[in-house]
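**Student:** Here is my input; please provide its structure:
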Amino acid sequence: MATLDELIKKLEANSAAAYTPLTQQQMQEQANNRYSGVYDQKRLSAQQQYDTADQALAQQLAGLQATYDKQREQSRQNYESAYRTADRQALGRGMQRSSYNNATLANISLKGNEAQQAINDTQAAQAKNIGEQRKLLSQQLGDTLAGLDAAQQSDMLAYLDELEAREYDRTTADVANRNNLAMQLYQYQFQKEQADQEQRNWEKTFNANYGDGGGGYSG
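**Tutor:** Predicted structure coming up:
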């Protein structure tokens, strides 16, 4: 059993080293530090994937103009060649100024214009499709980042709950330990006071019976 001095020293030491629970701000910082790096990396990865895919689509869009310019030029040359061939053939047959030849040449010109328009329409459709893909990528990135923000917030709140429970348990245990030491010290002092009082009572009785002026032993 510990002595009175040992109990006093132990209580003083525990009081001096009483557990100081983390503040709400400190727990918040711990939660931030625990998850910020993880989720920042996930956000960076999502952004990099988006940038790579969007850049590829942007390059594809930029390449459309050159591709379809080449098609338009080739189509123009083909119809111009057909026009000249038909005109020469009509000239060879002496029909250059005939209504039939004029209709034939007009039809070739019309088909040439239609071919140019078809190429333009195809380019516009592909450009629109690429634009929609880029828009979808942007929406998906936004959804991904919003999901990561929500997941990070959820993880942080769950961890804060753990920290708060831990701090509560540690504080409660510390208070209980110091209260237990204080109770032991109180009981020790109470028992000592009782013993001292009993000793004083005994001495008083003894002195009354055997001390000066008291009744002594007679043989």
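
**Student:** And the helix or strand harbouring Trp202, how far out from the chain middle?
**Tutor:** In this structure, Trp202 is located in helix 99-210 according to DSSP states H and E. How far helix 99-210 lies from its chain's middle: 7 Å, per CA atoms, centre = their mean, to the nearest Å.

**Student:** Packing partners of that helix?
**Tutor:** Under the contact criterion of 3 or more CB pairs under 8 Å, 6 or more residues apart in numbering; DSSP states H and E, helix 99-210 touches helix 4-16, helix 24-92. To be clear about C-beta, it is placed using only N, CA and C from the backbone, and glycine gets the same treatment.

**Student:** Can you pull out the low-pLDDT segments for this protein?
**Tutor:** Where the chain drops to pLDDT under 70, the residues are 1-19, 95-96, 211-219.

**Student:** and if we set it to 90?
**Tutor:** 1-24, 83, 85-102, 104-105, 168-219 (pLDDT under 90).

**Student:** which residues touch Gln71?
**Tutor:** Each residue near Gln71 by CB atoms under 8 Å, 6 or more residues apart in numbering is listed here: Ile119.

**Student:** Rebuild the helices and strands packed on helix 99-210 as a markdown table, extending it with distance to Leu160.
**Tutor:** Shown next, in a markdown table, are the helices and strands packed on helix 99-210 (distance: least, CB to CB, whole Å):
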| stretch | distance to Leu160 |
| --- | --- |
| helix 4-16 | 28 |
| helix 24-92 | 5 |
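
**Student:** Tell me which of those lies nearest to Tyr188.
**Tutor:** Smallest distance to Tyr188 across the helices and strands packed on helix 99-210 (CB to CB): 5.4 Å, for helix 4-16.
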